[in-house]
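Undergrad: Got a sequence here, can you model it:
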Amino acid sequence: MDRYSKITNKNKREIVLLKSFPCVWGKCSFCDYIEDNSTDEQILISTNKEVLSNITGEFKVLEVINSGSCFELPKQTLLDIKNIIISKNIEKLFLESHWCYRDRLQEMRDFFQMPIIFKTGVETFDNHFRNNILNKKFNFDTPADLKKYFDSPCLMVCIEGQTQEMIARDIEIIENYFDYATVNVFINNTTSVKADENLRNWFVSKYKYLDDNPKIEVLYHNTDFGVGD
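TA: Residues are numbered from 1 along each chain as shown. The predicted structure is shown next:
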């Protein structure tokens, strides 16, 4: 499992994949990422300390991800992150959180005392597909409702059951509403949710121009950020 990497094309930053307690929701139909979770706090803390020791502060920006939300990291790990931020003179932090923690985001800002870009796995702005097919338990009405809390939506595209129209609407929303966004092209994993290769071929052809958009990062494989396995 690769847990440290540098992103050097868009929004240059260091990124770490840390271990956390189980995801508060943990029922998304497409996700086997939560298998990285653990209830052994000492293993979490020791693993995360080792990963964090790689951070150099080269870009003054750090992204911390885990198999869930930042609120599921051990308190000691949060302290270790804060100490690294101070010692390496990091000036901006990317964190990720589920929608259910939306009213607690300020807690992280108060704790770290620095600018934080909050990402969230909305997956799609189609309410039916997001909640009834992907089982996200993520309810809001408009993109503006999401933007009140989160800076950077993460989309999942090219899943069986999605349509070109749904994906086109999602891309239009992130292009027009948000300053940051990530688009994950779904690949088959251990879940029953399957990728749609025809949609993938269409998406790669139609949206190749996103590779040149400085605010949108497209992951054609789930390890394109250099972390994971």
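
Undergrad: where do the strands sit along the protein?
TA: 4-7, 13-18, 61-66, 92-96, 116-123, 152-157, 181-185, 216-219 (DSSP state E).

Undergrad: Not counting residues beside it along the chain, what's closest to Glu123?
TA: Of all residues not flanking Glu123 in the chain, Met156 sits nearest, at 4.3 Å (CB to CB, 6 or more residues apart in numbering). Bear in mind the C-beta positions are built from the backbone N, C-alpha and C, glycine included.

Undergrad: ok, now Asn139?
TA: Using CB to CB, 6+ apart, the nearest residue to Asn139 is Asn131, at 6.7 Å.

Undergrad: sorry, back to before: got the contact list for the residue nearest to Glu123?
TA: Applying CB atoms under 8 Å, 6 or more residues apart in numbering, we find Met156 in contact with Phe30, Gly121, Glu123, Thr124, Leu134, Asn184, Phe186.

Undergrad: again, but for Phe178
TA: Pro143, Lys147, Asp151, Ser152, Pro153, Lys215.

Undergrad: can you redo the strands of the chain as JSON lines with distance to Thr191?
TA: Output for the strands of the chain, formatted as JSON lines (distance: least, CB to CB, whole Å):
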{"stretch": "strand 4-7", "distance to Thr191": "25"}
{"stretch": "strand 13-18", "distance to Thr191": "19"}
{"stretch": "strand 61-66", "distance to Thr191": "19"}
{"stretch": "strand 92-96", "distance to Thr191": "20"}
{"stretch": "strand 116-123", "distance to Thr191": "13"}
{"stretch": "strand 152-157", "distance to Thr191": "12"}
{"stretch": "strand 181-185", "distance to Thr191": "14"}
{"stretch": "strand 216-219", "distance to Thr191": "18"}
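
Undergrad: Could you say which one of those comes nearest to Asp229?
TA: Relative to Asp229, the nearest member of those by CB to CB is strand 13-18, separated by 9.6 Å.

Undergrad: Identify all contacting residues around that closest one.
TA: 1-7, 36, 44, 47-48, 51-52, 54-59, 61-66, 73, 77, 92, 94, 225-228.

Undergrad: and if we set it to 7 Å?
TA: Residues from elsewhere that reach strand 13-18, judged by CB atoms under 7 Å, 6 or more residues apart in numbering: 3-7, 48, 51-52, 55-56, 58-59, 61-66, 73, 77, 94, 225-228.

Undergrad: circling back: tabulate the contacts of Phe178 (CSV), appending neighbour count and distance to Gln113.
TA: Shown next, in CSV, are the contacts of Phe178 (neighbours: other CB atoms under 10 Å; distance: CB to CB, whole Å):
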residue, neighbour count, distance to Gln113
Pro143, 18, 29
Lys147, 16, 23
Asp151, 19, 17
Ser152, 23, 20
Pro153, 24, 25
Lys215, 14, 25
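
Undergrad: Kindly reformat these as TSV containing pLDDT and distance to Thr190.
TA: Output for those, formatted as TSV (pLDDT from 0 to 100; distance: CB to CB, whole Å):
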residue	pLDDT	distance to Thr190
Pro143	97	32
Lys147	97	33
Asp151	97	31
Ser152	98	27
Pro153	98	25
Lys215	95	32
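
Undergrad: Among the residues you listed, find me the one that's closest to Trp202.
TA: Pro153 (21.1 Å).

Undergrad: which residues touch the residue nearest to the closest one when sequence neighbours are not counted?
TA: Leaving aside its sequence neighbours, Pro153 sits nearest to Val122 (CB to CB, 6+ apart; 4.5 Å). Shown in contact with Val122 (CB under 7 Å, 6+ apart): Arg130, Phe138, Leu146, Pro153, Cys154, Leu155.
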